[in-house]
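Participant: Need coordinates for the below:
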Amino acid sequence: MNTTMYRSVLASVFLITSSCSIAQCDGWQQKVEYDLFIDLDVKDHSFIGTERIKYYNNSPDTIYRVFYHLYFNAFKPGSMMDVRSRTIKDPDKRISEKIHQLSPEEMGDLTVTELKQSGKALDIRHVGTILEVELAKVLLPGKSTLLEMKFEGQVPVQVRRSGRDNKEGIAYSMSQWYPKLCEFDEEGWHANPYIAREFHGVWGDFDLKISIDRNYTVASTGYLQNPQEIGHGYEQEGEKLNVPDGEKLTWHFSAPNVHDVAWAADPDYRHDITRMDDGTEFHFFYKNDSALFDAWQDAPPYMVQCFEYLNKTFGQYPYKKYSFVQGGDGGMEYPMMTLVTGKRSLKSLVGVSTHEAIHSWFQGVLASNESLYPWVDEGFTSYATSQTFAQLFPDHTSDPHGGARRGYLMIVESGEEEPLSTHADHYNSNMAYGIASYSKGELFLDQLSYVIGMDAFNDGMLQYFERCKFKHPSPRDLKRIMEKRSGLELDWYFEQWIFTTNTIDYSVQAVEQIGDSVFITLEKKGLMMMPIDLVITGKDGNAETHYIPLRIMRGSKKAEDPNGMTIHDNWPWTHPTYTLALAVSVEDLQRIEIDPSYRMVDIDRENNVLDLEDGLRFKIQR
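Facilitator: A predicted model of the protein is given here:
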């Protein structure tokens with residue numbers, strides 16, 4: 001099957017599934033209860049651990065085998081991540097040859113030494129970053145099973161996201177560190193090898209214990225259960241600490257209804273706490289370094305404003321804690337916390353912290369399958385970041401999504417664009433993945449607000465969060481919510497923007513005075529269809545909005561202009577031109593412009609505008 005036919009089949013499956021959906025996000029979800037323990041030796045960076053999980057099969061299928069992610073095994077020379085990072089056409093400089101050059105003492109390792117199902121030993125096979133497991137007893141629909149594991153490993157030198165001794169001297173950034181059960185959903189198992197891209201996980205409740213040298217401060221997903229035993233800035237004022245004698249402390253965290261847990265540790269962490277009016281706590285962990293102090297001290301009020309805006313605009317953050325933690329290799333989100341590099345200016349620190357915190361909505365709580373739909377997480381987070389940053393720094397830009405447009409137009413011009421339907425691991429270049437997932441995903445939402453109107457869009461985003469939180473929604477769930485809110489059909493928009501690389505290009509082709517009317521002809525030059533907002537400004541400065549819906553939309557959006565808009569006959573997408581007749585004189589017109597809001601991602605904005613010369617009476621060709 002050729003590529004075009006394959007994409008067409010994918011689009012058809014997507015739309016058929018969408019049209020058959022009765023309700024949004026009402027399907028089943030698997031569930032897991034984790035009891036995790038890790039004992040870390042800071043001298044040689046080795047660890048041992050135990051994992052006890054109760055796995056609930058809420059699917060209609062019988063499960064015969066299960067899979068676990070073993071992410072640390074990616075940090076070995078010859079791993080799939082290593083080879084992919086060295087052979088892709090534009091290697092990520094953060095990885096490049098680094099994994100290939102790791103010594104045995106520097107590489108990562110995660111090995112399961114024992115796994116039992118209800119006390120019976122299981123056959124297991126380590127296959128790179130995946131553990132394959134044959135169950136001794138099948139797991140029937142509606143039933144649960146107990147899986148008990150022992151594991152050991154080595155923390156790699158920090159290369160990408162996780163590891164030890166990052167470039168800023170943070171001792172441990174412990175993300176993707178434990179054997180993590182793969183997700184099984186309506187599309188089956190998702191046992192994707194780790195090659196540095198995206199994640200997907202099972203909703204669950206985590207009980208986590210971390211045993212580490214007593215001099216280290218730990219930041220983690222979840223709520224600390226034993227502050228009186230730990231200290232390190234967690235104890236309540238006036239309470240006496242009961243720190244046990246010995247070399248190690250055991251930190252105990254509880255994380256309800258999350259799909260992952262991460263933590264970080266360093267002997268020199270400073271720990272600050274800020275609280276919102278609703279009781280949500282923000283924890284800040286950063287090196288006790290005077291060079292970082294000002295930015296990290298000034299950041300908390302911005303993060304309070306950030307969460308206040310997000311709660312109002314995209315839905316209420318459902319947890320009562322969030323931690324901003326210095327670590328990792330840039331910025332990476334995890335449930336209830338983020339790892340960010342900390343040597344930044346205030347605006348840079350607020351920017352990366354805002355973006356990673358917003359992932360809590362789209363990756364932490366909604367949690368679509370990032371591997372299948374990286375643009376739903378990264379793109380939607382980028383859209384909300386641009387909107388939020390404009391609130392935090394009103395003088396920052398008058399065009400919040402301009403950067404995304406410039407990135408998208410650049411890859412269109414390069415000819416290397418790949419469709420959003422591409423699996424995250426299978427983009428042919430890092431550039432194509434990055435611009436699709438971040439920029440084109442951001443523009444998907446900005447442009448959707450143009451298609452259905454800002455009021456319907458804003459209400460739809462809130463409904464999307466409320467109806468689909470903790471349910472791993474797919475794009476079809478968002479589509480049906482937006483259709484119901486707007487009263488419009490949106491198959492065409494999702495199909496075109498997701499499954500193709502078709503571009504949008506509309507132009508003002510001609511203006512002609514005939515009798516008492518002006519005839520304005522518009523041309524559809526690109527392959528992707530769109531409704532048209534046409535704003536006509538007279539020489540008196542008054543502007544009127546004329547709206548041309550697509551026939552395939554089966555309706556019109558509501559007016560966004562407080563002065564209203566004139567709705568005209570719909571435009572069949574098969575017709576290359578559309579002529580609009582207005583009972584005015586061309587001599588009274590000053591400017592004709594398609595989409596002055598710039599939300600329609602037209603690849604040639606120059607032909608969207610026609611400025612009329614004084615006294616013009618004759619046909620104008622573009």
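Participant: Regarding this structure, what is its longest helix?
Facilitator: helix 290-313 (DSSP state H).
Participant: So what touches stretch 450-461?
Facilitator: Stretch 450-461 is contacted from outside by 313-315, 445, 448-449, 478, 481-482, 485-486, 488, 490, 493, 530-531, 533, 553, 557-560, 595, 597, 599-600, using CB atoms under 8 Å, 6 or more residues apart in numbering. Yep, even glycine has a C-beta here, placed from its N, CA and C like the rest.
Participant: Can you tell me which of the residues you listed end up in helices?
Facilitator: Short answer: these in helices (DSSP H) are Thr313, Leu445, Leu448, Ser449, Leu478, Ile481, Met482, Arg485, Ser486, Tyr493.
Participant: Most neighbours among these, please name it.
Facilitator: Tallying neighbours with other CB atoms under 10 Å puts Leu478 at the head of the ones in helices among the contacts of stretch 450-461, with 27 neighbours.
Participant: Next one: that one relative to Gly415, how far apart?
Facilitator: Going from Leu478 to Gly415 by CB to CB, to the nearest Å gives 29 Å.
Participant: go on, His69?
Facilitator: Distance, His69 to Gly415, using CB to CB: 35 Å.
Participant: okay, these two: which has more neighbours?
Facilitator: Neighbour count, other CB under 10 Å: between His69 and Gly415, His69 has more, with 27 against 7.
Participant: Quick check, pLDDT for the closest residue to the more buried one other than its chain neighbours.
Facilitator: Excluding the flanking residues, the one nearest His69 by CB to CB, 6 or more residues apart in numbering is Lys180, at 4.4 Å. On pLDDT, Lys180 comes in at 98.
Participant: same question, Asp260
Facilitator: Looking at Asp260, its pLDDT stands at 98.
Participant: Kindly tell me how buried it is, as a neighbour count.
Facilitator: Neighbours of Asp260 using other CB under 10 Å come to 24.
Participant: Equivalent analysis for Gln326, please.
Facilitator: By the measure other CB under 10 Å, the count of residues near Gln326 is 28.
Participant: What sits closest to it if chain neighbours are left out?
Facilitator: In space, and not counting its chain neighbours, Gln326 is closest to Gly342: 3.7 Å by CB to CB, 6+ apart.
Participant: and the residue nearest to His69, what does it touch?
Facilitator: Tyr68, His69, Tyr71, Gly201, Asp260.
Participant: Let's have these in a markdown table, adding distance to Asp44.
Facilitator: Putting those into a markdown table (distance: CB to CB, whole Å) gives the following:
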| residue | distance to Asp44 |
| --- | --- |
| Tyr68 | 24 |
| His69 | 24 |
| Tyr71 | 20 |
| Gly201 | 29 |
| Asp260 | 26 |
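Participant: so of those, which ones are in strands?
Facilitator: Counting by DSSP state E, the part of those found in strands is Tyr68, His69.
Participant: can you give me the strands in the stretch 401-550 of the chain?
Facilitator: With DSSP state E, counting those that start in this stretch as the criterion, the stretch 401-550 of the chain has strands at 506-514, 517-524, 532-538, 543-548.
Participant: Identify whichever of those strands lies nearest to Asp588.
Facilitator: Evaluated over the strands of the stretch 401-550 of the chain, closeness to Asp588 peaks at strand 532-538, with 5.3 Å, by CB to CB.
Participant: quick one: contacts for the nearest residue to Met565 once chain neighbours are set aside?
Facilitator: Nearest residue to Met565, sequence neighbours excluded (CB to CB, 6+ apart): Thr545, at 3.9 Å. For Thr545, the contacting residues are Asp533, Leu534, Val535, Ala559, Glu560, Asp561, Asn563, Gly564, Met565, Thr566, by CB under 8 Å, 6+ apart.
Participant: For Thr545, give its distance to Trp573.
Facilitator: In terms of CB to CB, Thr545 sits 21 Å off from Trp573.
Participant: Pass me the low-pLDDT residue ranges in the stretch 151-300 of the chain, would you?
Facilitator: 232-246 (pLDDT under 70).
Participant: What segments of it are strands?
Facilitator: Using DSSP E, counting those that start in this stretch, strands in the stretch 151-300 of the chain cover 163-164, 172-174, 180-181, 183-185, 188-190, 203-213, 217-220, 223-224, 248-258, 263-266, 269-275, 281-287.
Participant: Please report which of the contacts of Thr545 has the highest neighbour count.
Facilitator: Tallying neighbours with other CB under 10 Å puts Leu534 at the head of the contacts of Thr545, with 24 neighbours.
Participant: would you turn the strands of the stretch 151-300 of the chain into JSON lines with distance to Pro300?
Facilitator: Shown next, in JSON lines, are the strands of the stretch 151-300 of the chain (distance: least, CB to CB, whole Å):
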{"stretch": "strand 163-164", "distance to Pro300": "27"}
{"stretch": "strand 172-174", "distance to Pro300": "22"}
{"stretch": "strand 180-181", "distance to Pro300": "31"}
{"stretch": "strand 183-185", "distance to Pro300": "35"}
{"stretch": "strand 188-190", "distance to Pro300": "37"}
{"stretch": "strand 203-213", "distance to Pro300": "25"}
{"stretch": "strand 217-220", "distance to Pro300": "15"}
{"stretch": "strand 223-224", "distance to Pro300": "19"}
{"stretch": "strand 248-258", "distance to Pro300": "22"}
{"stretch": "strand 263-266", "distance to Pro300": "19"}
{"stretch": "strand 269-275", "distance to Pro300": "4"}
{"stretch": "strand 281-287", "distance to Pro300": "6"}
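Participant: Was I right to think the residue nearest to Gln326 contacts Asp294?
Facilitator: No. Taking contacts as CB atoms under 8 Å, Gly342 lies outside contact range of Asp294: 11.8 Å.
Participant: Show me whatever sits in contact with both of those two.
Facilitator: Contact criterion CB under 8 Å, 6+ apart; residues shared by Gly342 and Asp294: none found.
Participant: From Phe494, how far out is Glu417?
Facilitator: Glu417 is 17 Å from Phe494, where distance means CB to CB.
Participant: Those two - which one has more neighbours?
Facilitator: Shown here are Glu417 and Phe494; by other CB under 10 Å, Phe494 has more neighbours (22 against 18).
Participant: was I right about that one contacting Asp477?
Facilitator: No. Using CB under 8 Å as the test, Phe494 is too far from Asp477 to be in contact (11.4 Å).
Participant: What are the buried residues along the longest helix of the chain?
Facilitator: Using 16 or more other CB atoms under 10 Å as the test for burial, helix 290-313 gives 292, 295-296, 299-300, 302-310, 313.
Participant: Give me the packing partners of it, helices and strands only.
Facilitator: Secondary-structure packing of helix 290-313 (3 or more CB pairs under 8 Å, 6 or more residues apart in numbering; DSSP states H and E): strand 269-275, strand 281-287, strand 321-326, helix 346-359, helix 380-392, helix 454-468.
Participant: and the longest one, which residues are buried?
Facilitator: If I follow you right, that is helix 454-468. By 16+ other CB under 10 Å, the buried positions in helix 454-468 come out as Ala456, Phe457, Asp459, Gly460, Met461, Leu462, Gln463, Tyr464, Phe465, Arg467, Cys468.
Participant: Can you lay out the residues you listed as CSV showing distance to His423?
Facilitator: Listed next are the buried residues of helix 454-468 as CSV, based on distance: CB to CB, whole Å:
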residue, distance to His423
Ala456, 31
Phe457, 28
Asp459, 32
Gly460, 26
Met461, 25
Leu462, 29
Gln463, 28
Tyr464, 23
Phe465, 25
Arg467, 26
Cys468, 22
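Participant: Closest to Leu115 out of those residues?
Facilitator: For the buried residues of helix 454-468, the nearest to Leu115 is Cys468 (33.3 Å; CB to CB).
Participant: How much space separates the closest residue to His252 other than its chain neighbours from Thr250?
Facilitator: Of all residues beyond its chain neighbours, the one nearest His252 is Gln225 (4.2 Å), with distances taken as CB to CB, 6+ apart. When distance is defined by CB to CB, Gln225 is 10 Å away from Thr250.
Participant: Also Gly460?
Facilitator: Per CB to CB, Gly460 is found 46 Å from Thr250.
Participant: what do you get for Met332?
Facilitator: Here the criterion is CB to CB. By it, Met332 lies 26 Å from Thr250.
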